[in-house]
Structures are given as structure tokens and as C-alpha cells.
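Student: Sequence and predicted structure, then a few things I'm wondering about:
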Amino acid sequence: MQFKDLGLDNRLLKNLNHYAFKKPTDIQKQAIPVAIAGKDLLASSKTGSGKTLAFVLPMLHKSLKSKAFSAKDPRGLILAPTRELAKQVYGELRAMLGGLTYDATLIVGGENFNDQVKALRRYPKFIVATPGRLADHLEHKSLFLDGLETLVLDEADRMLDLGFAPELRRINNAAKHRRRQTLMFSATLDHAEVNDIAAEMQDSPKRIAVGISNQEHQDITQKFYLCDHLDHKEAILERVLEESEYRQVIIFTATRDDTERLTAKLNEKKLKAIALSGNLNQTQRNTIMSQFERAVFKILVTTDVASRGLDIANVTHVINFDMPKHTEEYVHRVGRTGRAGNKGDAVSLVGPKDWDSFKRVEAYLHQDLAFSTLEGLEGKFKGLRPKKPVSRNGKVDYRNKNKQTAKKAPKKPVKRDKGFYQNVAVGDSVFIPKKKVAPKSDDE
Ligand code: ADP
Ligand code: MG
């Protein structure tokens, strides 16, 4: 099947051809006809499978084929959880706007508000935005959404995790009319909050899931190493970097401070690394991303601010220096490699503090994850014992009490409903219940 078989407007086909996109990916094949038909859509497919064009193309096609509801209001609005992702989606939108008379603008936090007001006064037909800043502009009346035809939520679940539900509702209410179409996309949409917001914002959406979110990604090789402490992690990291022929690497740490600390360590070792975290100002963030994209730096050390959506061609390796707090971020982090059919490697370092998170990831992926070792760097840590050894019938089994039973710890299914972290109990420490409104720490 070719793009032309999807019935897309010739001008869009020409742009696709210009960028040498020939055949639609599976999600594009399935989502584009449904979206062109005007149906609401709740779509998921693995990382790197081309979801962006799956919403950009039908949004533009519909605008080319129909008269605008309003002369001034935007026809399409795409929301994304981070500034970097919004910028990337905007780039892809601009590429598909080639040769068309439509204007588009990017509205993200951290940039000058008044400049954005001016850009909005030129009545762009398409907007890509982060939800916080867009909601600010609605309040300020810099734009109206009464004529909005297509609303897209890219990485919808992450926007909810970051506490953007109120902003999403405000945006939804400003664009509430019968003919609006709402498209939601992510690699992980199996999230109760997503269903709630979808029920509010969508009208009998069609669900499309190409594969399931926790299915093994065929193009990504995963490895796990047990680590005793920070120095041990650093030694393993160094060895992994030495032994792998990476082109570019993204290393994820738990906190912003860790990005700085680890970057300094790598630079001491003459490894060209740069740190990106949400507390930098927007100019710094832009410069860092641009330097990494141009491979001025081969290693990016970051937090979950970069776990979603970013598509950087040469990222051959992803390293979880610390395991993620939110289980599904594992899927998104490792999905920064192995994109569009390329191969990638993902390495995760699992110390005592990461153990609970590791077990949750293991349960989420429905896989028994094995550990690798490196000669001379074998550690002592073998995993934590579950708090209460539980036998298969659910009764406490004290026979195991003195053994390291971590590998055989019973897996409780991760229940995917509100505050789902509360339902998982593997390992020694207490789980921190997921906050309803998370601090908008690393994002807009
Ligand atoms: P996702 O949102 O599913 O993670 P993206 O939309 O970022 O994936 O696309 C991943 C990569 O695949 C991008 O570099 C994009 O340009 C490329 N891509 C998208 N569609 C196609 C296609 N039909 N053929 C080849 N490459 C594509
Ligand atoms: Mg994407």
C-alpha cells in the first residue's frame, strides 16, 4: 500500500514524496482513513512507528477538502507534553505544509508571551502547543477555539500524568461544538485517566491499537545489570559506553541534579556529554537539544523530560542510569532508539533503589527479565526480597523468609486504574501513591 491509496490530497502526497516517505506505516494505514472520515480516535502503536504523520496528514487533508468554520480561529490544534516534543511535531507539520498557503505557529512555555500574542493575531490555521501555555493564551483571550476542527492530543497519557487535566478540560470547553474531531495518540494509552478524559472529550471514538503497549519491541535489545551502589553504576556505565559502538546515547537519571552530576563525571572521563533538564531556561534547552541533534555532543544526560516522542536519528543506545518512577516511561525511554525500523540497544542499571521500579517494569512487560554481568564488575546485590513472602495461594509463606527470593517474587498484576501504583506491592519499600496532580516539575 502507498500513501496515495489512502486517498490523501495530492499536495500532501507531493510533500510526502519530497521527504521520501513512500509507504504508510501500520498505524498510518489504520488511523488515516478513520480520521479522514471525521471520527474521533484513540490510537496507540509502538514508539517510533510514525504516529505524528498519522494525525498531521488527516488533519491537513480535511482542511484542504473543506471550508473553514471560522475565518480567524485555528482549524487544527496539536497538544504535546513537552516543549521539545511540541517543537519536533511543529517541524513535521511545517514539512507537510510545504507548498500550501496555510500558516502555523508554535506556542510553548518558556518563550516570550507577547511575541506569541502577536503570532496568534495573524490567525494561524494550525497551532502546536504545550497545554499550560495554550490555556494561558485562552485566558488572556489571545485566541479563540470556537472554530477549531481538529484537536490532537499527542502523548495524551503523559499530559495527564503531568497534571494537565485542568488545562485540557479548559481547552476542550473552549472548543466545544458538535463538529470538532478529537484524536488521541500514545504508545501507552491503557490508563484509566485517559479513558475518563476521552469520555469527556470524544464522541464514540474508534480505538486502534497496533500491537499492545507492553509487547516486546522487536528492534530494541534490552539488557539489565544489577548494581550495588552509585560508584558501581558509574563503573558499569563507563564499561558499557567503552564496549558499545554507539553513535549517540541518551542516559536517563532520576533527578535534575543527577543529570548535572553524571554529566560532570562523564566529561572528566573525556566523554562528550551534555545535560538537559526542565529547570533550564528555554534558550538553554533549545541550544542543548540542537547541539545534541547535530551530534556536537554524543551523550545526552536527561530526565523523563526527554522520555516522550523525541525522534533523533542517530540514537543507537538508551541507558537507564536509574529506573523510571512511572512504569510506562520505561517503554517511552527505550523507545528513543529503535525508531522507524532501525535497531537499538537499551541498558538499565538496577540498584537497590531501583528494585521496586524494575519489578513493576517486569510485571508491565509480562517478561522475566534476566540480568547480564560484566567481567570484573559483578556485584553483591541480587535483588530485594518481597516484603511478605507469599505462596501461590496468597497465604504468607515463611519457609522462604531467609532466602533471597527476589527473582521468584510473585508478580501481582499491575491494575490499571486510578492511582495504580498503590496496587502494586513487590519488594521491600513502600510505594508512593501516584499524586492526582503531579507537580509540573520537568515540563511546561
Ligand atoms: P512515534 O510518534 O510513533 O514515536 P514518529 O512519528 O516520531 O513516531 O516517527 C518516527 C520516525 O519515523 C520519524 O523519523 C518519521 O519521520 C519516520 N516516519 C514516519 N512515517 C514514516 C513512513 N511512512 N515511512 C518511513 N518513515 C516514516
Ligand atoms: Mg510521537
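Tutor: Perfect, I can see it now. Residues are numbered from 1 along each chain as shown. Ligands and ions are numbered 1, 2, ... in the order given.
Student: Need phi/psi at the spatially closest residue to residue 358 that is not a sequence neighbour.
Tutor: Nearest residue to residue 358, sequence neighbours excluded (Cβ to Cβ, 6 or more residues apart in numbering): residue 350, at 4.7 Å. Yep, even glycine has a C-beta here, placed from its N, CA and C like the rest. Main-chain dihedrals, residue 350, degrees, to the nearest 10: phi -120, psi 100.
Student: confidence score at residue 350?
Tutor: For residue 350, the model assigns a pLDDT of 98.
Student: and if you look at residue 431?
Tutor: On the pLDDT scale, residue 431 gets 32.
Student: same question, residue 218
Tutor: So residue 218 comes in at 91 (pLDDT).
Student: What is the neighbour count of residue 363?
Tutor: 18 (other Cβ atoms under 10 Å).
Student: now the one 3 residues further on
Tutor: If you count neighbours by other Cβ under 10 Å, residue 366 ends up with 13.
Student: shouldn't it be in contact with residue 213?
Tutor: No: using Cβ atoms under 8 Å, residue 366 is not in contact with residue 213, being 11.1 Å away.
Student: quick one: contacts for residue 89?
Tutor: 52, 56, 78, 80, 128, 154, 309 (Cβ atoms under 8 Å, 6 or more residues apart in numbering).
Student: Make JSON lines from these and add secondary structure and neighbour count to it.
Tutor: Listed next are those as JSON lines, based on DSSP: H, G, I helix; E, B strand; the rest coil; neighbours: other Cβ atoms under 10 Å:
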{"residue": "52", "secondary structure": "helix", "neighbour count": "23"}
{"residue": "56", "secondary structure": "helix", "neighbour count": "25"}
{"residue": "78", "secondary structure": "strand", "neighbour count": "26"}
{"residue": "80", "secondary structure": "coil", "neighbour count": "30"}
{"residue": "128", "secondary structure": "strand", "neighbour count": "29"}
{"residue": "154", "secondary structure": "strand", "neighbour count": "25"}
{"residue": "309", "secondary structure": "coil", "neighbour count": "26"}
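Student: from these, which are also near ligand 1?
Tutor: Near ligand 1, judged by Cβ under 6 Å from any ligand atom, the entries from the contacts of residue 89 are 52, 309.
Student: ranges for the strands of the stretch 51-200 of the chain?
Tutor: Counting by DSSP state E, counting those that start in this stretch, one finds strands in the stretch 51-200 of the chain at the ranges 76-79, 104-107, 126-129, 150-154, 181-186.
Student: and of these, who's closest to ligand 2?
Tutor: Of all these, strand 150-154 sits nearest to ligand 2, with 5.8 Å by Cβ to the ion.
Student: residues in contact with that closest one?
Tutor: With Cβ under 8 Å, 6+ apart, strand 150-154 has contacts from 51-52, 55, 58-59, 62-63, 75-81, 85, 89, 159, 168, 171-172, 175, 180-186, 201, 309.
Student: Each with direction, which strands does that strand pair with?
Tutor: Strand 150-154 has these partner strands in its sheet, going by DSSP bridges: strand 76-79 (parallel), strand 181-186 (parallel).
Student: what's near enough to touch the most centrally placed residue in the chain?
Tutor: With distances taken as Cα atoms, centre = their mean, the chain has residue 308 as the residue nearest its mean C-alpha position (2.2 Å). The neighbours of residue 308, taking Cβ under 8 Å, 6+ apart as the test, are 80-82, 85, 155, 158, 332.
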